[in-house]
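> predicted structure and sequence below. I'll ask about it afterward.
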Amino acid sequence: MGFAIEPMRSEDIDEVVEIERACFTMPWPPSAYKRELKNPKSTRYLVARHYLNSKQMLFKPGLEPSSISRRSGLLHSLLPFFFKDEEGNEHKRNENPIIGYGGIWLMLDEAHITTLGVSPQYRGKGIGEFLLVGLIDVAMQLGASWLTLEVRVSNTVAQNLYQKYTFKEAGVRKKYYTDNNEDAYIMWSDEITKAGFREKYAQLKKELFARLEADGYLSANTDASAPLIKPDDFPPEEEAEPPAPPSVIATQPTYKEVHGEE
């Protein structure tokens, strides 16, 4: 049993939407993800998967699964064997479930984290950080210089994670979340092409992998210095007309406005 980060594929969308509905009050419709996946030059989406039943050896031989792993496996076994999408179509549930997801848009040299969510019963196990690392790896390979995102002002757990990876508050979007008119903090990372960021990031990634390995969630031979995801891992898709960025992104403050000239 173990966790893995993989490119999101079209067949994953129904599971992703199911998780999103459990996480957020304003979930994206499946059609939004289908369109995003057709624009691989400007978007990248990832999923975290829990391998409960796989012939692939992801972990140290003989490693006993933790009590958390056993509980997670039990939770999944109690879920319906089939589930229905929003159109009422019935689908067989994957025996190795998706437990989280995230995505980025690339705009010039900026990578905008559009979404990041973890299934409620899997929170507190490092999956959100695992996904964030995957997104940072992807942003680096796409040639981005910075990452940016919005986060609810009340979501201190997420803010603490982002701050750990150098994100800083750069402004506020008033009443950004229409479900309750909550404000959003705009956050920017340090420049990810600089040696200072890369050294800090490499250390944080190494520490995360060590924790996941100790908990029985990651293979002992996983190389923390290698990207979690490589460009060739993403399935080729026919390029569709790129979606127009929301107006809120167009008003995003620049890195220099946030950090000043160096």
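Received the coordinates, thanks.

> assumed His50 was part of a helix.
No: if the criterion is DSSP: H, G, I helix; E, B strand; the rest coil, then His50 is strand and not within a helix.

> who does it bridge with?
Residues in a beta bridge with His50, per DSSP bridges, are Phe3.

> so what's it scoring on pLDDT?
pLDDT, the model's per-residue confidence, is 93 for His50.

> how close does it sit to His112?
Going from His50 to His112 by Cβ to Cβ, to the nearest Å gives 27 Å. Backbone N, C-alpha and C define where each C-beta goes, glycine included.

> same deal with Arg198?
Using Cβ to Cβ, we find Arg198 at a distance of 21 Å from His112.

> those two - which one has more neighbours?
Comparing Arg198 with His112 by other Cβ atoms under 10 Å, the one with more neighbours is His112, at 22 against 13.

> can you tell me the closest non-neighbouring residue to that one?
Of all residues beyond its chain neighbours, the one nearest His112 is Trp105 (4.6 Å), with distances taken as Cβ to Cβ, 6 or more residues apart in numbering.

> next, that neighbour: phi, psi?
Trp105 adopts backbone torsions of phi -110, psi 140, taken as degrees, to the nearest 10.

> distance check, it against Ala214.
Shown here: Trp105 relative to Ala214, a distance of 34 Å by Cβ to Cβ.

> higher neighbour count, these two?
Set side by side, Trp105 and Ala214 show unequal neighbour counts under other Cβ under 10 Å, the larger going to Trp105 at 20 against 11.

> leaving aside the residues next to it on the chain, what's closest to Thr148?
Residue nearest to Thr148 in three dimensions, not counting chain neighbours: Trp188, with 5.0 Å by Cβ to Cβ, 6+ apart.

> which residue ranges of the stretch 51-200 of the chain form strands?
Remark: strands of the stretch 51-200 of the chain, listed N- to C-terminal, are 82-84, 90-92, 98-107, 110-118, 146-152, 168-177, 182-188; assignment by DSSP state E, counting those that start in this stretch.

> so which of those strands gets nearest Gln203?
For these, distance to Gln203 was read as Cβ to Cβ. The smallest value, 17.8 Å, belongs to strand 146-152.

> give the buried residues for that closest one.
Along strand 146-152, these residues count as buried under the neighbour rule (16 or more other Cβ atoms under 10 Å): 146-151.

> which among these gets closest to Thr193?
Nearest to Thr193 among the buried residues of strand 146-152, counting by Cβ to Cβ, is Trp146 at 8.8 Å.

> against Gly124, how distant is that closest one?
Counting by Cβ to Cβ, the gap between Trp146 and Gly124 amounts to 29 Å.

> cool, Pro227 as well?
25 Å.

> out of those two, which sits in the busier spot?
The neighbour comparison of Pro227 against Gly124 (other Cβ under 10 Å) goes to Pro227, with 16 against 10.

> list phi and psi for the more buried one.
Taking degrees, to the nearest 10, you get phi -60, psi 140 for the backbone angles of Pro227.

> residue contacts, the residue lying closest to it once chain neighbours are set aside?
Leaving aside its chain neighbours, Pro227 sits nearest to Asp137 (4.2 Å; criterion: Cβ to Cβ, 6+ apart). The contact partners of Asp137, taken as Cβ atoms under 8 Å, 6 or more residues apart in numbering, are 227-229.

> which pLDDT does the model give Asp137?
On the pLDDT scale, Asp137 is placed at 96.

> any idea how far it is from Glu15?
22 Å.

> with Gln121 instead?
Computed with Cβ to Cβ, the distance linking Gln121 and Glu15 is 14 Å.
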